[in-house]
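Q: Fold the following and give me the result.
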Amino acid sequence: MSYKILLLLTMVVQLQAIVITNESADLMLVKVDKWTNCIEIVGLFILKPGEFVDDSNVERYSIRYLPIPTDIDKIDLCDLLGLFSDQLDPERLYSDVDLIKNKLSKMVQADQSIRVQVDLSSSDDSIRKKMVKVDQENTEALKRLLVVYGWITISKFGKQADHEAWMLVQHADHDIPFQKKILSNLEDLYQQDETNPTHYAYLYDRVAMHEGRPQRYGTQMNVVNGELVLHDIEEKEQVDTHRSSVGLPSLEQYMELVNQYMK
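A: Below is the predicted model:
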């Protein structure tokens, strides 16, 4: 094959290539097999501006061919791995814990950024619609991550990542079945010190409130005439016992903090 033909083929492959990025960690994954329309995963590499991909900056650990839709030209690495987790070796592909932690941090940043806008523009319905969209996107991305591990455990990912994953679930009010599934997992995990016990309590109350049932730990409130009012509590005389069992302060102390925050 002549040099010109080889160069032409190389240019065609580059033009057809699908770039797989991980925007949260500044990582990318190579490349595309143009003829079979499959992604060939050959390793992670870090690119600097203007740097070319070659063996010197690629850490090889896996080669797989994954069929993808023809209309995709960019996909997040974590999303890709989640979509095809049943075909991949999770302990190798997710060996970079920082990749997952960075992904979660980016999702939480989006979650909190839109909520600040909602607080500042509570009457702007378009902002609320954007918040719903962010929550839906975060939920789907988190589901793909949890396909492999079931939960972002403290022992593997640390307390902050555990907290960030919980926050995303807590805000997945559009998907109660997903919240209930995670709640079931957290009940065992907090007893194994793999998640913060308060995460279980807050999510338990959140699900109960959305299902029209009394809450147990007194963590959830409703807005009534512009004021925060506690959602109904089951066994109210036992609420402080329940709260203490998961490391929460008394209900009286909690309400004092809430009232101070609202001033």
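Q: For the rest of this, base every contact and every neighbour count on C-alpha atoms.
A: Noted.
Q: Count the neighbours of His163 for me.
A: The tally of other residues near His163 (other CA atoms under 10 Å) stands at 19.
Q: Sorry, wrong one. I was asking about Lys133.
A: 12.
Q: Next, give phi and psi for it.
A: phi -60, psi -40 (degrees, to the nearest 10).
Q: in stretch 129-149, what's buried?
A: Residues of stretch 129-149 classed as buried: 131-132, 134-136, 138-139, 141-148 (neighbour count, 16 or more other CA atoms under 10 Å).
Q: Repeat that for stretch 104-118.
A: Within stretch 104-118, the residues scored as buried using 16+ other CA under 10 Å are 104-105, 107-108, 111, 114-115, 118.
Q: now, among those residues, which is nearest to Ser184?
A: Leu104 (21.2 Å; CA to CA).
Q: What strand or helix carries that closest one?
A: Per DSSP states H and E, Leu104 falls inside helix 97-120.
Q: What ranges does the stretch 51-200 of the chain have for its helices?
A: 77-83, 90-93, 97-120, 125-149, 154-157, 159-170, 176-191, 197-210 (DSSP state H, counting those that start in this stretch).
Q: Please give me every residue in contact with Asp193.
A: Applying CA atoms under 8 Å, 6 or more residues apart in numbering to Asp193 gives the contacts Ile154.
Q: Would you mind measuring from it to Leu186?
A: When CA to CA, to the nearest Å is the yardstick, Asp193 and Leu186 sit 10 Å from each other.
Q: ditto for Asp98
A: Separation of Asp98 from Leu186 (CA to CA) stands at 22 Å.
Q: which stretches of the stretch 151-263 of the chain have low pLDDT?
A: Within the stretch 151-263 of the chain, the set of residues satisfying pLDDT under 70 comprises 262-263.
Q: pretty sure Val229 is in a strand, no?
A: Yes - under DSSP: H, G, I helix; E, B strand; the rest coil, Val229 falls within a strand.
Q: Verify the stated contact: it with Gly218.
A: No - the pair Val229 / Gly218 is not scored as a contact, 10.6 Å apart, by CA atoms under 8 Å.
Q: who's more crowded, the two?
A: Using other CA under 10 Å, the more surrounded residue of Val229 and Gly218 is Gly218, with 26 against 13.
Q: ok, now which ones touch that one?
A: Neighbouring residues of Gly218 by CA under 8 Å, 6+ apart: 205, 230-231, 233, 239, 243, 251.
Q: how about a cut-off of 10 Å?
A: With contact set as CA atoms under 10 Å, 6 or more residues apart in numbering, Gly218 has these partners: 201-202, 205-206, 230-234, 236, 239-240, 242-243, 248, 250-251, 254-255.
Q: Need the phi and psi values for it.
A: According to degrees, to the nearest 10, the main-chain angles of Gly218 amount to phi 70, psi 40.
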